[in-house]
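> Predicted coordinates and the sequence they were generated for:
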Amino acid sequence: MFGPTKDIDQMNRKMKSLMDNEGLAYKNRDMTYNSRLAQELGSWADTQLNGEDIHNKIYESYFVHQKNIGDEQVLIDIATNLGFDELEVKEVLKNRTFEGQVDADWSKARNLGITGVPTFLAGGAGLVGAQPYQALVDLVNNARSQN
């Protein structure tokens, strides 16, 4: 059985290898932050023009720059750097405008048996966690072959 430090080191090596294989930046981390507010902000951003850009910036902030994406100011900075209106972003976070949407997403995930992110579903099969590109291609191709 590994101790906590070895578990973290092993996880970081695995993640670094997976990210390197896909050309994604990754820095070893030893902290995990609550991503609930980031999910709510991401759900809001999805309703805005070019909102999908926020997901990559949240990823980068967390996995590369080791920022606390549970901190409202970190999220405000991410959003405003992408050109979103600061007052609107603050209002969305303060009022938890997309809390219900994220609750619904979590409920759907539980009903599907999803326990981790990312999870990829296709054709009744799924993959959990960071996966090599070829695994995703195989998942999609297998789903296509079933139709």
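On my side now, so go ahead.

> Mean confidence (pLDDT) on stretch 67-78, please.
Across stretch 67-78, the average pLDDT comes to 97.

> end-to-end on it?
Between the opening and closing residues of stretch 67-78 lies a distance of 10 Å (CA to CA, to the nearest Å).

> Next, the contact list for residue 133, please.
Shown in contact with residue 133 (CB atoms under 8 Å, 6 or more residues apart in numbering): 21-22. From N, CA and C alone the C-beta is placed, and that goes for glycine too.

> name the element residue 20 belongs to?
With secondary structure defined by DSSP states H and E, residue 20 is part of helix 4-22.

> Check what pLDDT residue 8 gets.
pLDDT, read off for residue 8, is 72.

> before we move on, which element is the residue nearest to residue 78 when sequence neighbours are not counted in?
Closest residue in space to residue 78, ignoring its immediate chain neighbours: residue 57 at 4.9 Å, by CB to CB, 6 or more residues apart in numbering. Counting by DSSP H and E, the element that carries residue 57 is helix 53-59.
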